[in-house]
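# here are the coordinates; sequence isn't available:
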């Protein structure tokens, strides 16, 4: 019987040809801009906009500013347009940028390492009074932030800042932002190593350098030799953390890939020890990897943390050593757990030279120009003329003789700047919020300040360390995921079904001791009006249920949902 002929195989459908664009990584040959941000950076380096500000925009006014400069390159010099007054949070994600923009700017002053002189602080205060309607906030990255700045006044502000050694260069934008440093570098009795020389060298070599002025997105750095781990190293793109190496002595443990926002990740150790003199070169290697291998296609993935997550620490270290440093780094130990929970250096502390430093707290970083000028006067009268800002929205006066301490504390307290602060004044932080920020949905600064007052009145006996961080949107500028009580601003429904300002609650986050992100209880949201009642109820439950010596974060992690609502 003849064989049955085989049926021909069905034709494979042809795929439509497509061109894989990759992630926009320069190191693999993807130089074509894949979004508008990459295009305007390719068209002209953000550093170049200063000339146009000085010669064109400051003379012709706001309406003369090119849109790519206005909402792009001007950030390279610390300038953001602020939110137009009267626009509610429900319109934040709906309106076009030009509808949200006011004709005034936020201007951020870099304070690398948090280091200021009384002369510098006095100039900052005077600028605030003359050009910024008195505004001047202390940020959680040790900067000072103005609002209500007119473009016409920017050149004069720069002239005054630079005359005393300050700058706004790369305070914003896709650049190496301000370098966090221990606010007690060089003075603390228990310091492992002073990272200040490395901060100075990085500033000198890399800030304002076109070699690193076009990064995929912002790049955050922290350097601290304090055993208190006082610069939030776990949530920076690169961090150098003081350690004692058993053979090489004091140096730094290298961390990479931390960051929060809507996709939070804790930094990872590379297991490498870095000598103080080598920190700038290692910094250049890490930021070089970000520049060359970082993802530029999508803005929401254009941070180093995504590359580190994809590569892993072993590959990242290998690329750093083989392609950028051209040498191996020594293996090194991890930092030890900090001795205490508080990392803000508040209060009176002896320095290693026998003098004292005194840390004090405004409410949620909100100060004003007149107050800053008074702080400069008080610090000058009681110290050597040196101050520091902290990564917790606080300030410190250095070099106070013992016989001057009580007088200084009295003078600061008279300005409502608490040296002996309640846990609520000490531990509450807030971002800029809807008052000025175009991304915000709810108010934060005034609400945080009033929450402090309410809690001090309602729970005066509470004396445990507690962090309460308020953020006006999901972007986590105020570190909501790593607070004991993190409050993410959003619109919620009240009991009558009305849409009002409120917060999604994160509970039990931490840095330093058992670093991790807070838990979100399903459906746990509070209106702004309910916030003091909710926090009071939560703290009293913690007091009633905690085990001996138990921290809030530990209790929140084990507590049942009914105890957290």
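Thanks, I have the structure now. Because the structure is a prediction, the values reported are computed rather than measured.

# now residue 278, what's its secondary structure?
Classification of residue 278 into helix, strand or coil gives helix, according to DSSP: H, G, I helix; E, B strand; the rest coil.

# tally up the residues packed near it, please.
19 (other CB atoms under 10 Å). To be clear about C-beta, it is placed using only N, CA and C from the backbone, and glycine gets the same treatment.

# kindly report the same for residue 407.
Here the count is done by other CB under 10 Å, and residue 407 has 13 residues near it.

# residues contacting it?
Contacts of residue 407 were listed using CB atoms under 8 Å, 6 or more residues apart in numbering, and they are residue 382.

# are we agreed that it is in a helix?
Yes. Assignment of residue 407 by three-state DSSP places it within a helix.

# residue 554: which element?
Following DSSP states H and E, the helix or strand that holds residue 554 is helix 552-558.

# contact partners of that helix?
When contacts are taken as CB under 8 Å, 6+ apart, the neighbours of helix 552-558 outside the stretch itself are 464-466, 484-485, 507-510, 513-514, 516, 518-519, 542, 545-547, 564.

# quick one: list the elements packing against the next helix-or-strand element following that helix.
Toward the C-terminal end, the helix or strand that comes next after helix 552-558 (DSSP H and E) is helix 561-564. Contact analysis of helix 561-564 by 3 or more CB pairs under 8 Å, 6 or more residues apart in numbering; DSSP states H and E lists strand 519-527, helix 531-545 as its packing neighbours.

# wait, residue 107 touches residue 150, no?
No. Residue 107 is beyond contact range of residue 150, at 10.2 Å (criterion: CB atoms under 8 Å).

# if you count surrounding residues, which of these two has more?
The residue with more neighbours, out of residue 107 and residue 150 and counting by other CB under 10 Å, is residue 107; that gives 29 against 15.

# who touches that one in this structure?
By CB under 8 Å, 6+ apart, the neighbours of residue 107 are 78, 79, 132, 145, 146, 147, 149, 154, 157, 168.

# so for the helix or strand where it lies, what gets flagged as buried?
Residue 107 belongs to strand 101-109 when assigned by DSSP H and E. If you call a residue buried by 16 or more other CB atoms under 10 Å, then strand 101-109 has these buried ones: 101, 102, 104, 105, 106, 107, 108, 109.

# tell me, how many residues neighbour residue 229?
Burial of residue 229, expressed as a neighbour count using other CB under 10 Å, amounts to 24.

# that one in helix, strand or coil?
Residue 229 falls in the coil class when you classify it by three-state DSSP.

# so who does it touch?
Taking CB under 8 Å, 6+ apart, one finds 241, 335, 338, 343, 511, 512 in contact with residue 229.

# return the subset of these lying in strands.
Cross-referencing the contacts of residue 229 against strands under DSSP state E gives residue 241.

# returning to that earlier point: adding pLDDT and distance to residue 379, write the buried residues of strand 101-109 out as a markdown table.
Below are those laid out as a markdown table (pLDDT from 0 to 100; distance: CB to CB, whole Å):
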| residue | pLDDT | distance to residue 379 |
| --- | --- | --- |
| 101 | 94 | 37 |
| 102 | 97 | 34 |
| 104 | 98 | 30 |
| 105 | 98 | 29 |
| 106 | 98 | 26 |
| 107 | 98 | 23 |
| 108 | 98 | 22 |
| 109 | 98 | 18 |
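
# same list (those residues) but as CSV, adding distance to residue 72.
Converted to CSV, the buried residues of strand 101-109 look like this (distance: CB to CB, whole Å):
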residue, distance to residue 72
101, 13
102, 17
104, 18
105, 14
106, 15
107, 16
108, 16
109, 20
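
# if we can go back for a sec, the helices and strands packed on helix 561-564: lowest mean pLDDT?
Comparing those by mean pLDDT, the weakest confidence falls on strand 519-527, with a mean of 92.

# can you state the direction angle for it and helix 531-545?
Our comparison of strand 519-527 with helix 531-545, counting by axes from the mean of the first three to the mean of the last three CA atoms, to 10 degrees, yields an angle of 140 degrees.

# in strand 519-527, which residues are buried?
Applying a neighbour-count criterion of 16+ other CB under 10 Å, the buried positions in strand 519-527 are 519, 521, 524, 525, 526, 527.

# one step back: most neighbours out of the contacts of residue 107, which is it?
Neighbour counts for the contacts of residue 107 were taken using other CB under 10 Å; the highest belongs to residue 78, which has 29 neighbours.

# surely that one and residue 139 touch.
No. With the criterion set as CB under 8 Å, residue 78 and residue 139 do not qualify as a contacting pair; they are 11.7 Å apart.

# please enumerate the shared neighbours of those two.
In terms of CB under 8 Å, 6+ apart, residue 78 and residue 139 are both contacted by the residues residue 108.

# list buried residues within the contacts of residue 229.
Using 16+ other CB under 10 Å, the buried members of these are 241, 335, 338, 343, 511, 512.

# CSV for the residues you listed, including pLDDT and distance to residue 284?
Supplementary listing: the buried ones among the contacts of residue 229 in CSV, determined by pLDDT from 0 to 100; distance: CB to CB, whole Å:
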residue, pLDDT, distance to residue 284
241, 98, 18
335, 96, 23
338, 89, 29
343, 88, 28
511, 93, 26
512, 88, 28
